[in-house]
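Engineer: structure, please.
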Amino acid sequence: MTAHTRETLKALFAPKSVAVIGASTKPDSLGRVVFKNIIFSGYTGVVYPVNPKAHSILGVKAYPSVVDIPDEIDLAVIIVPAVAVASVLDECGRKGVRAAVIISAGFKEIGEEGARREAELQQIAQRYGIAMLGPNCLGIINTDPSVSLNATFAPGMPRQGNIAFISQSGALGVAALEYAQRQKIGLSKFVSIGNKADLHENHLLEYLKDDPLTDVVLLYVEDLEDPQGFHRLATEITSERPKKIPILAIKSGRTLEGAKAATSHTGALAGSDEVYDSVFMQSGVLRVETIEELFDYAVAFAQQPLPKGNRIAIVTNAGGAGILATDAAVRYGLQLASFTPETAQKLRELLPPTVNVANPVDMTGEPNEQRYDTIVRTVLADPNVDGVIVIAAPHILMSLENIARNIVRAVQETHSDKPVLACLMAVTDARPAIEILETINIPNYSFPERAARALAAMARYRDWVHRPRTEYRIFRDIQIERARELIAQAKRDGRRVLLEPEAHDLLKAYGFPMLKYRLVRTEDEGLHAAHEIGYPVVLKIVSPDIVHKFDVGGVKLNIQNDTELRESFRQMLTDVTRTKPNARIVGVFVQEFIKGGKETILGLKRDPLFGPLLMFGLGGIYVEALRDVTFRLAPVRELGIQRMIRQIRGFKILEGFRGEPPSDIDAIAECLARLSQLATQMEEIVELDINPLIVLEKGHGARVVDARIVVA
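Structural biologist: Reported below is the predicted structural model:
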């Protein structure tokens, strides 16, 4: 992957000259469409068609090859058969072209032969330092009037705006561009990244973070080329710079196929989708599900200020619409503001005496367009209100245009810094009214739920920007050399999975709260260990060849005395020998038996792309069926750990449910913090399960019961 400077990428986004290699005289060819789009988009630079069989295209002189063009070329747009792309790109390199957009398909998306072609393109781009977009992409658009470039085969030039869109899918990009044009949504940049043979989303984000014309970034991705780099960069862009830019993302492919080969609970649960959720959450990226939702959020962020909190007012002339907006607002995490007494009194003066003054403010179906002005002014002035949704259902005696004018007047004259979102619920004649709202950038939504969802997204992003910056918890009582020796011993024995006593020893070296335990080899040693530990105890078989001990009779629980221990010891060895006759038996693990508490699971998975990933959830044998778990990339800050714990659906069980005492949440948090430190220090550990970690009542801590550790 080539390293690119901002100046190199400027040749892609704002070229002074463009060569279209494969420009054609054939009316319906891609080469013709792309060249025509550049000409008719009002491109401010110089464009050169390249076609060895044409003298001119659309009245512009054509050249046999890029090397024949007498002037310098910043950007080459390549639309030739896949087998010819490499030689054309090499010519571009010899010409000194700084950036290339390869629209041609027929590369890794078609199989091995295409992948070989793509690898050759990577080598050529790296050799010459060309910033290469694609192959198999739609192209690039820059609506900046000083550039005005549409180097795609998508019809039409988008409106100028402050929203940038990066899409991995060309077809979806075309659909999104058409949707934006229909909805009159302006874009600053559009980039189709295709196969990402060279340039990928991180390169483009690095450029866009300093683009004065971009205030919102939209992403459609099927994967991330460098997830750890994305995490660092997106965190910086969304929250750590003077100009903070929200990033909204669609990630396709919600699948668990990638988890099939995992050997631990954590590995099986950490499918790619959960990992992407974690990356987005920890980077401040808002994940959405549909193109409509993507643009609903985008226009709100692009046109309105962020709310200072999540308390909203709803103003409506239709009770049903107000109820729908209320339900959606609460569902998405907003709160209905409690009006001050002054606001309530003012509303009583403005509304008919039969109206109950409350939030949502239902103005009833009485035809009074002026009320939209006075009511919106009143709720905007309330210090308890952070944002407003204004709903207007069609009324035969009211004009939507007049309603829009009253809303605009109220917002303009109050000089409010609070977001206002409108919902003009008309099917056929809303466009003139919407254009009135657009004069001061008030976004409109067809239905109240969409407006509530968009405002809730703004509130969530505001919470991210203003989140407390807690530190990473660092423990000084770690015996790291002891932990490394345990891993080294397993490797010397040719094992990737630590035996249970080794796993417990390693966690003990990292300060985890452990039950008392001993490894024994004979029945008499087992009795001696039980006396040292104290009854009741548990017996577990220790064998490198047995993964699921319960399934082969390799676990005996709640042993109360010597007689039960002898019987259990013998029976366990008999059962294991019968079901696993070839298993190597190292010994028996004698462990303190713990009663009560709640079962939780802590896990670690080291992904080759994403790095170390922590997991937490309710534990036990049903963890993979219930899938009530959360993930975070390590290291995790203290606040992130607390949110990780509270994010699971079953957190109420840990809080104390139906009269049960609350569990020791602080003990869980400490264990996760220790696991986070282990994940960053012990890079040889690729998977780790603590299942269960028994969490006792508040103030009584937690205990590791079972552990499994896999090393590289």
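Engineer: any idea how far residue 485 lies from residue 498?
Structural biologist: 12 Å (Cβ to Cβ, to the nearest Å). C-beta here means a position set from N, CA and C on the backbone, and glycine is covered the same way.
Engineer: who has more neighbours out of these two?
Structural biologist: Neighbour totals were compared for residue 485 and residue 498, and residue 498 leads with 23 against 14 (other Cβ atoms under 10 Å).
Engineer: quick check: that one vs residue 545, distance?
Structural biologist: 14 Å.
Engineer: do residue 470 as well
Structural biologist: According to Cβ to Cβ, residue 470 and residue 545 sit 44 Å apart.
Engineer: between these two, who's got more neighbours?
Structural biologist: residue 470 (13 against 10).
Engineer: could you list the low-pLDDT ranges of the stretch 151-300 of the chain?
Structural biologist: Within the stretch 151-300 of the chain, the segments meeting pLDDT under 70 span 254-271.
Engineer: show me where it has its helices.
Structural biologist: Using DSSP state H, counting those that start in this stretch, the helices of the stretch 151-300 of the chain run over 170-182, 201-208, 227-235, 265-269, 272-283, 291-303.
Engineer: looking at these, which is buried most?
Structural biologist: For these, the largest average neighbour count (mean count of other Cβ atoms under 10 Å) is found in helix 265-269, namely a mean of 24.
Engineer: quick check, central residue of this structure?
Structural biologist: residue 280 (2.5 Å; Cα atoms, centre = their mean).
Engineer: same question for stretch 586-593, mean pLDDT?
Structural biologist: Per-residue pLDDT over stretch 586-593 has a mean of 98.
Engineer: one more: stretch 415-426?
Structural biologist: 94.
Engineer: hang on, the earlier thing: can you redo the helices of the stretch 151-300 of the chain as CSV with distance to residue 582?
Structural biologist: As requested, the helices of the stretch 151-300 of the chain are exported to CSV (distance: least, Cβ to Cβ, whole Å):
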stretch, distance to residue 582
helix 170-182, 53
helix 201-208, 50
helix 227-235, 42
helix 265-269, 26
helix 272-283, 36
helix 291-303, 56
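Engineer: give the residue farthest from the middle of this structure.
Structural biologist: Going by Cα atoms, centre = their mean, the residue of the chain most distant from its centre is residue 563, 56.2 Å out.
Engineer: next SSE after the host helix or strand of that one?
Structural biologist: If you go by DSSP states H and E, residue 563 is part of helix 562-579. Counting by DSSP H and E, the next helix or strand C-terminal to helix 562-579 is strand 587-592.
Engineer: direction included, what does the next helix or strand after that following strand pair against?
Structural biologist: Where DSSP H and E defines the elements, the next helix or strand beyond strand 587-592 is strand 598-607. According to DSSP bridges, strand 598-607 has the following sheet partners: strand 611-618 (antiparallel), strand 685-695 (antiparallel).
Engineer: show me where the stretch 601-712 of the chain has its strands.
Structural biologist: 611-618, 629-633, 685-695, 702-704, 707-711 (DSSP state E, counting those that start in this stretch).
Engineer: residue 337: which of those strands is closest?
Structural biologist: strand 629-633 (30.6 Å; Cβ to Cβ).
Engineer: which outside residues touch the closest one?
Structural biologist: 228, 231, 269-270, 274-275, 277-279, 281-282, 601, 603, 610-618, 623, 640-641, 644-645, 647-648 (Cβ atoms under 8 Å, 6 or more residues apart in numbering).
Engineer: strand 685-695 and the strand or helix carrying residue 483, what's the angle between them?
Structural biologist: Using DSSP H and E, residue 483 sits within helix 480-492. Here helix 480-492 points in a direction 120 degrees away from that of strand 685-695 (axes from the mean of the first three to the mean of the last three Cα atoms, to 10 degrees).
Engineer: immediately after helix 480-492, which helix or strand?
Structural biologist: Using DSSP H and E, the first helix or strand after helix 480-492 is helix 500-509.
Engineer: which secondary structure elements does that next one contact?
Structural biologist: Here helix 500-509 touches helix 480-492, strand 517-520, strand 537-542, strand 587-592, strand 707-711, going by 3 or more Cβ pairs under 8 Å, 6 or more residues apart in numbering; DSSP states H and E.
Engineer: how about the third one as CSV, C-alpha atoms only?
Structural biologist: Pointing back at strand 537-542 there. C-alpha atoms of strand 537-542 as CSV (Å, rounded to 0.1, in the frame of the first residue of the first chain):
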residue,chain,number,x,y,z
VAL,A,537,-14.6,-28.9,46.5
VAL,A,538,-14.8,-29.6,42.8
LEU,A,539,-12.8,-32.2,40.8
LYS,A,540,-11.9,-31.6,37.1
ILE,A,541,-9.9,-33.8,34.8
VAL,A,542,-6.8,-32.2,33.4
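Engineer: what angle do it and strand 587-592 make?
Structural biologist: For strand 537-542 against strand 587-592, the angle by the same axes, to 10 degrees is 150 degrees.
Engineer: sorry, back to before: so which of the helices of the stretch 151-300 of the chain comes closest to residue 665?
Structural biologist: Between the helices of the stretch 151-300 of the chain, helix 272-283 lies closest to residue 665; by Cβ to Cβ that is 19.8 Å.
Engineer: contact partners for residue 150?
Structural biologist: 37-38, 40-41, 43, 139, 141, 157.
Engineer: farthest pair within the residues you listed?
Structural biologist: 40 and 139 (14.5 Å).
Engineer: what's the domain layout of the protein?
Structural biologist: 6-299, 305-465, 468-513+595-712, 516-593 (automatic domain parsing).
Engineer: lowest-pLDDT helix or strand in this protein?
Structural biologist: The helix or strand of the chain with the poorest confidence is helix 265-269; it has a mean of 49 (mean pLDDT, DSSP states H and E).
Engineer: what residues does residue 229 make contact with?
Structural biologist: By Cβ under 8 Å, 6+ apart, the contact list for residue 229 reads residue 202.
Engineer: residues in contact with residue 387?
Structural biologist: 307, 311-313, 418-421, 455, 458-459.
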